[in-house]
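Student: Mind folding the following:
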Amino acid sequence: IYIKKREFIIAQFQPPGSTSPIGRCTRCYKAYCLETNRVVLLKDTWRVVSASLQPEHEIYTKLHANNVPHILEVITAGDVGTEGDKDPNHTTQTKAWLSVTHQKLNIRDLQHYRIALEYVPFRVDQFQHVRQPIMAIRDAARAHGIAATVAKVLHRDISVGNIMFKIDGNGKVFGYLIDWDLSLDLGQATLEAQLERI
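Tutor: Numbers count the residues shown, from 1 in each chain. Got it, this is the predicted structure:
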């Protein structure tokens, strides 16, 4: 798989947060980046195309610029099929088909998108000792609080699949809040962005 000309080898499928046949078809993989020689968390999804919703890597950039802790490092990210001309196979075509049938429905546009992040091996429900999820949730809560108050970004999608953790060689737990793609920039909140989470 490629993201902005960087090549990744998929090593392992991560358990999905949702197995729904509808939605944005988000899938996560443990992958190996050939350029950086490191294991990453590779997220493959269909992001909502909207002036009020930024691509996830731009949100991470804002969070890091505001020193929000417990946020993953972005290795690379980008829309699929956007090298040169837009590839219609990587954007939804529902509106085009509806226009042929003259139906007037408010359908959102989606763009195929990939992001490679620092690898974190465990979801909060994959613990061996009760202290591990407590520390992971504590760190995720810190991330959310600082993101909302300092960076003015509200996550809006906190779930079991979006709190991850890793354990260092000394057994110390580090929790992370991930999946910021549907977050709300409180400084630029619009009705469209708010409706996306309803």
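
Student: C-alpha only now, for contacts and for neighbours.
Tutor: Will do.

Student: pLDDT value on residue 43, please?
Tutor: Residue 43 carries a pLDDT value of 94.

Student: I'd like to know how far it sits from residue 168.
Tutor: Between residue 43 and residue 168 the computed distance is 23 Å (CA to CA, to the nearest Å).

Student: Have a look at those two and say which one is more surrounded.
Tutor: Shown here are residue 43 and residue 168; by other CA atoms under 10 Å, residue 43 has more neighbours (19 against 8).

Student: For the more buried one, give me its contacts.
Tutor: The contact partners of residue 43, taken as CA atoms under 8 Å, 6 or more residues apart in numbering, are 26-29, 114-117.

Student: Of these, which is the nearest to residue 158?
Tutor: residue 26 (15.3 Å; CA to CA).

Student: State the number of residues packed around the closest residue in space to residue 152 that isn't next to it in sequence.
Tutor: The shortest distance from residue 152 to any non-neighbouring residue, by CA to CA, 6 or more residues apart in numbering, is to residue 186 (5.2 Å). When neighbours are defined as other CA under 10 Å, residue 186 has 13 of them.

Student: contacting residues around residue 186?
Tutor: Residue 186 touches 148, 152-154, counting by CA under 8 Å, 6+ apart.

Student: Starting from the strand ranked longest in the chain, tell me which strands it pairs with and how they run.
Tutor: Longest strand in the chain by number of residues (criterion: DSSP state E): strand 38-48. Strands that pair with strand 38-48, judged by DSSP bridges, come out as strand 27-33 (antiparallel), strand 110-118 (antiparallel).

Student: Give me the buried positions along it.
Tutor: Using 16 or more other CA atoms under 10 Å as the test for burial, strand 38-48 gives 39-48.

Student: Could I get the full set of helices for this structure?
Tutor: Ranges of helices within the chain are 56-65, 94-100, 131-146, 191-195, based on DSSP state H.
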